[in-house]
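J.: Predicted model follows, preceded by the sequence.
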Amino acid sequence: MERAAADVADRARAAGLAGPLGGLPISIKDLLDVAGEVTRAGSMVRADAAPAAADSPVVRRLRQAGAVLTGRTNMTEFAYSGLGLNPHYGTPANPYDRATGRIPGGSSAGAAVSVTDGMALAAIGSDTGGSVRIPAAFCGLTGLKPTARRVPTDGVFPLSYSLDSIGPLAPTVASCAAIDAVIADLPLRAPRPLPVAGLRLAVPDHIVLDDLDDTVAGVFDETLRKLSEAGARIATRPFPVLAKIGAANASGGFVAPECYAIVRELMEKNAAGFDPRVLSRIVKAEDMPAADYVTLQRERAAIIAEADAATAPFDAVIMPTVPMVAPAIQPLLDDDRLYAKTNMLALRNCSLGNFLDRCAITLPCHRRGEAPVGLMIMGETMGDQRLLDLAAGLEKVISHFD
């Protein structure tokens, strides 16, 4: 089917009829509906689900734009982890260092590997707490988390109704921008790189800089130096509002109760078929009082308002996308405590953008040939186009791509 679609795209291009993505190979995360195929969402318990009756809007828009879908990509079960491990279908090793066997990041694990390995020019992933940006950072790609309501989530198996976003992973900002325009059903517009000189960039001085490994700390410092030399005005300062996000999530956050509501019937039928590490986090929501969930919704609105005021003087907030380079797979398989600790650390910075309903993008900022490291740039709610313009400007200064 994919070969036939590619042939059609070739003929359309030859006839001058190709769409904006004419013939481009794009992979699809296994939680987006593709007509006639089963959406497994990385889980064995959905293997016998009915095939999708129709394409999700995102898939339909990609097809209409001329993209060729290369296939589905593997993911963490139900998108419930930032590491990318999957005991059912296997874990794709990070292309950076297959000799060691490092994680690709998650939950859009196969999405990142499909692009890095050249099986697709871009991939579609989902991002609830970093699931586009984390694998993009670990694998040396650009990854965009748009403002959640900008891209439809109909026909996408959900993890969290409150936090899910759909976005692209690709080599460059321009690539992400083109795909984002298509899936958001907006006019195609190439990013207009903003001059770095004079940009006001905020760096939170706590939480996001805690527990950085030596490689990430060194690359982040070098990145700040490059941006400063290019004329950016970087302010490292406290943002007390960030601590309130952790406090608000202490009772379970949005993901556990919303995911529990989504997969409860599947759990009742076949709990033994779940990844035990995913199941153990979902079941924590069984006893969460409804009042706590309502309180969390109200607290989130207040925190968003406070954060908007705190970041208003700046063009963007920047930080390391993930505090560490991709760790080895085997120790995480062997040690539940290490897995839980590493997962929380991987999600920590990226999840701030989801809670605050912001758009955010990660850019590769490491030296060519070294362990991939990402710089996360967080924009304002529905400020996606400006974020892409700003990121295109920063990309010229920090990116290792030619």
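T.: That came through fine. Numbers count the residues shown, from 1 in each chain.
J.: where exactly do the strands run in this structure?
T.: Here the chain has its strands, by DSSP state E, at 25-29, 68-73, 122-127, 142-145, 165-170, 200-204, 233-237, 316-320, 360-364, 374-378.
J.: Which one of those lies nearest to residue 47?
T.: For the strands of the chain, the distance to residue 47 is smallest for strand 68-73, at 12.8 Å, taking C-beta to C-beta. For the C-beta atoms, the positions are set from N, CA and C on the backbone; glycine is no exception.
J.: residue contacts, residue 50?
T.: Residue 50 makes contacts with residue 38, as judged by C-beta atoms under 8 Å, 6 or more residues apart in numbering.
J.: wait, residue 269
T.: Residue 269 touches residue 45, counting by C-beta under 8 Å, 6+ apart.
J.: ok, back up a step: out of the strands of the chain, which comes closest to residue 329?
T.: So among the strands of the chain, strand 68-73 is nearest, using C-beta to C-beta, at 17.3 Å.
J.: Tell me the helices and strands packed up against the closest one.
T.: helix 2-14, strand 25-29, helix 57-64, helix 109-116 (3 or more C-beta pairs under 8 Å, 6 or more residues apart in numbering; DSSP states H and E).
J.: Which strand residues bridge residue 233?
T.: residue 200 (DSSP bridges).
J.: Pretty sure residue 202 is one of the things it touches, is it not?
T.: No. Assessed by C-beta atoms under 8 Å, residue 233 is found out of contact with residue 202, at 9.7 Å.
J.: Including distance to residue 392 and mean pLDDT, could the strands of the chain go into JSON lines?
T.: Output for these, formatted as JSON lines (distance: least, C-beta to C-beta, whole Å; pLDDT from 0 to 100):
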{"stretch": "strand 25-29", "distance to residue 392": "21", "mean pLDDT": "99"}
{"stretch": "strand 68-73", "distance to residue 392": "26", "mean pLDDT": "98"}
{"stretch": "strand 122-127", "distance to residue 392": "16", "mean pLDDT": "99"}
{"stretch": "strand 142-145", "distance to residue 392": "10", "mean pLDDT": "99"}
{"stretch": "strand 165-170", "distance to residue 392": "13", "mean pLDDT": "99"}
{"stretch": "strand 200-204", "distance to residue 392": "15", "mean pLDDT": "99"}
{"stretch": "strand 233-237", "distance to residue 392": "19", "mean pLDDT": "98"}
{"stretch": "strand 316-320", "distance to residue 392": "12", "mean pLDDT": "99"}
{"stretch": "strand 360-364", "distance to residue 392": "10", "mean pLDDT": "99"}
{"stretch": "strand 374-378", "distance to residue 392": "11", "mean pLDDT": "99"}
